[in-house]
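# A structural model of the following input is requested.
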Amino acid sequence: MSEDPARPPPPPRPRPQRWGPRRRWALGAVATLAVLSLVGLLVGRSGPGDAAAAPEPAPRLELPALDGDGTVSLAAQRGRPVVVNFFASWCVPCRRELPNLARVARSVGDDVVFLGVDHLDSREGGRELVAATGLDWPVGWDRAGTVAPAAGLLGLPGTIFVSPAGEVLEAHTGELSAEAFAERLERHFGVQVPPA
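Have a look, this model is predicted:
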């Protein structure tokens, strides 16, 4: 059979659409929300080495003591500068950081309150780490891991510096050296750390 030159060719078959208007809109909305969430996270909280723009109220921290004796409460320290360090026995940078923090804490005495939070860890693992690193301040056990995210921390180790008025002056995610702890104590609380 030959083609009739007077007859136009048949229109091309419509290709099935893989992404209809609804799907494209939904994908765009999800992508926009993801970007806005990331920007909010980065702008709203400090990361390694960055101080928060405006102080926010400290999170509620009332945890069972890691040693099983009573509770550890941040609110009970109101009126005093507080450093809260978050760690876990399975966290290698935490194991490196805690001896630095213990040295700084011993050198400032009672000028600053130090609290610890064993985060998403077994009680036994946390106790072993506390004993191995020489921590001698109250440590709460946050088995569920709810306090660190509420404090604006993005991982471990993490440290928050809380004013006597109960405001988070800085939420730092990442390992800090003894020098970095000393610099922050002076900047946030006016406390000088004697040289080692």
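# which ones are touching the residue most central in space within the chain?
Nearest to the mean C-alpha position of the chain, by CA atoms, centre = their mean, lies Leu153 at 1.1 Å. Counting by CB atoms under 8 Å, 6 or more residues apart in numbering, Leu153 touches Phe86, Ile160, Ala171, His172, Thr173. In short, each C-beta sits where N, CA and C put it, glycine included.
# In CSV: these, plus distance to Glu179.
Formatted as CSV, these follow (distance: CB to CB, whole Å):
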residue, distance to Glu179
Phe86, 20
Ile160, 19
Ala171, 20
His172, 14
Thr173, 18
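# Tell me the one of those nearest Glu183?
His172 (11.4 Å; CB to CB).
# can I assume the closest one sits in a strand?
Yes. Counting by DSSP: H, G, I helix; E, B strand; the rest coil, His172 is located in a strand.
# What's the separation between it and Glu186?
Between His172 and Glu186 the distance is 15 Å, computed by CB to CB, to the nearest Å.
# And the strands in this structure?
56-57, 62-64, 71-73, 82-87, 113-119, 139-142, 158-162, 167-173 (DSSP state E).
# what packs against the second one?
Which is strand 62-64. strand 71-73, strand 139-142 (3 or more CB pairs under 8 Å, 6 or more residues apart in numbering; DSSP states H and E).
# right, and Pro141 touches Gly126 too?
One thing to correct before we go on: residue 141 is Trp, not Pro. Yes. If you go by CB atoms under 8 Å, Trp141 and Gly126 touch, sitting 6.3 Å apart.
# Now do the contacts for Gly140.
By CB under 8 Å, 6+ apart, the contact set of Gly140 is 61-66, 71-72, 115-118, 147.
# Done for today, thanks.
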